[in-house]
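*Asks:* Build me a model:
(one chain, ligands or ions: 1)
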Amino acid sequence: MAALNRVIRSAYYSPLTIRRLSDLVSDPASIRIASTPNPNPNQSPCTRMTPPVSRDALGTRSVQWVFLGCPGVGKGTYASRLSNLLGVPHIATGDLVRDELASSGPLSRKLAEIVNKGQLVSDEVIIDLLSKRLEEGQTKGETGFILDGFPRTIRQAEILEGVTDIDMVINLKLREDALLAKCLGRRICQQCGGNFNIAAIDFKGEDGRPGICMPPLLPPPQCASKLITRSDDTEEVVKERLRVYHDQCKPVEDFYRARGKLLEFNLPGGIPESWPKLLRALHVEDLDNKQSAAA
Ligand SMILES: Nc1ncnc2c1ncn2[C@@H]1O[C@H](COP(=O)(O)OP(=O)(O)O)[C@@H](O)[C@H]1O
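*Replies:* Below you'll find the predicted structure:
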């Protein structure tokens with residue numbers, strides 16, 4: 001392990017890492033993105049000019065999208081739904097970290113300490129976990145991806161930018177009191193892995209902030225007695241994760257904003273209200289209609 005760590009460390013600081021990751025992602029030249037700006041950039045809930053993905057692009061190579069957003073905003077929920085819709089893998093670095101934690105391997109105890117304090121794992125460890133995941137996907141013939149929770153630092157964003165062309169970065173947004181309530185209400189079924197939320201959010205609009213209503217997403221009866229809470233979803237740790245997000249991850253939003261790739265999406269409510277609006281903002285609502293018709 002020590003030897004392997006040395007190799008990874010040296011690769012991380014050299015162009016080797018770049019080459020290793022770039023071998024695993026598609027040729028940036030092969031995707032085309034429509035350059036037409038959103039005709040109404042101020043239209044809520046999508047508040048920023050959209051670089052929409054063109055039909056041609058969807059046909060040329062699989063999408064390479066990134067989801068950004070504070071803890072609890074719903075990155076996993078929407079990334080996973082889009083992954084099913086578009087047929088590309090949903091890769092969540094938080095899941096990779098949790099898999100490593102559950103493996104009780106040599107890294108596990110060190111990672112648990114960091115994660116349970118609400119801190120970020122080192123760029124080196126995350127790049128290594130992500131490279132391995134991409135490698136596994138490549139052997140299975142996966143193409144494209146929806147990344148969730150990566151990049152989270154400018155260094156990670158620069159590494160990703162150096163190896164491939166990210167088509168679009170979707171920045172999900174929700175007011176902070178709702179984020180805290182959603183993290184505290186999050187429950188996972190330890191048998192089927194399903195994600196649920198017992199929080200019933202109904203916050204009034206005040207001081208220019210819009211109100212928000214998000215009904216709970218309750219588990220089916222067979223999961224109700226098997227629910228667990230993530231060890232880092234305590235009030236103290238969630239507040240620290242929110243602080244860390246503002247401190248270290250917000251600059252990543254600016255990084256992509258400066259490159260014209262950021263689509264800001266204010267969640268208007270729960271999934272039934274937000275999902276169709278998100279699809280419209282991403283210009284993929286036709287795909288959902290086709291899938292529903294085929295079901
Ligand atoms: N890209 C990353 N860089 C550093 N640490 C990460 C990254 N992705 C996940 N982690 C670690 O895993 C934890 C859980 O990640 P995630 O499930 O994405 O949480 P969140 O709900 O806070 O968005 C993070 O708090 C962090 O410790």
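
*Asks:* Where does the prediction get shaky in the protein?
*Replies:* Within the chain, the ranges that satisfy pLDDT under 70 run 1-60, 293-295.

*Asks:* center of it, which residue is that?
*Replies:* The centroid of the chain falls nearest to Asp148 when counting by CA atoms, centre = their mean (2.0 Å).

*Asks:* Tell me if I'm right that that residue and Thr93 touch.
*Replies:* Yes - the criterion here is CB atoms under 8 Å, and Asp148 meets it with Thr93 at 7.3 Å. From N, CA and C alone the C-beta is placed, and that goes for glycine too.

*Asks:* can you tell me how far the residue nearest to the centre of the chain sits from Asp177?
*Replies:* Note on Asp148: its distance to Asp177, by CB to CB, to the nearest Å, is 23 Å.

*Asks:* Pull up the residues of the stretch 101-250 of the chain that are close to the ligand.
*Replies:* Neighbours of the ligand within the stretch 101-250 of the chain, by CB under 6 Å from any ligand atom: 114-115, 119-121, 126, 149-150, 152, 156, 232, 241.

*Asks:* Switch the residues you listed over to TSV; also include neighbour count and secondary structure.
*Replies:* As requested, those are arranged in TSV below (neighbours: other CB atoms under 10 Å; DSSP: H, G, I helix; E, B strand; the rest coil):
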residue	neighbour count	secondary structure
Ile114	15	helix
Val115	21	helix
Gln119	15	coil
Leu120	19	coil
Val121	19	coil
Ile126	22	helix
Gly149	22	coil
Phe150	24	coil
Arg152	21	coil
Gln156	21	helix
Asp232	21	coil
Arg241	23	helix
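
*Asks:* Can you find the residue of the protein that comes nearest to the ligand?
*Replies:* For the chain and the ligand, the shortest gap (CB to the nearest ligand atom) falls at Gly94, measuring 2.1 Å.

*Asks:* Name the SS class of that residue, please.
*Replies:* Secondary structure state of Gly94, per DSSP: H, G, I helix; E, B strand; the rest coil, is helix.

*Asks:* What are the neighbouring residues in contact with it?
*Replies:* Listed by CB atoms under 8 Å, 6 or more residues apart in numbering, the contact set of Gly94 reads 76, 148-149.

*Asks:* How many residues are close by Ala199?
*Replies:* Neighbour count for Ala199, taken as other CB atoms under 10 Å: 18.
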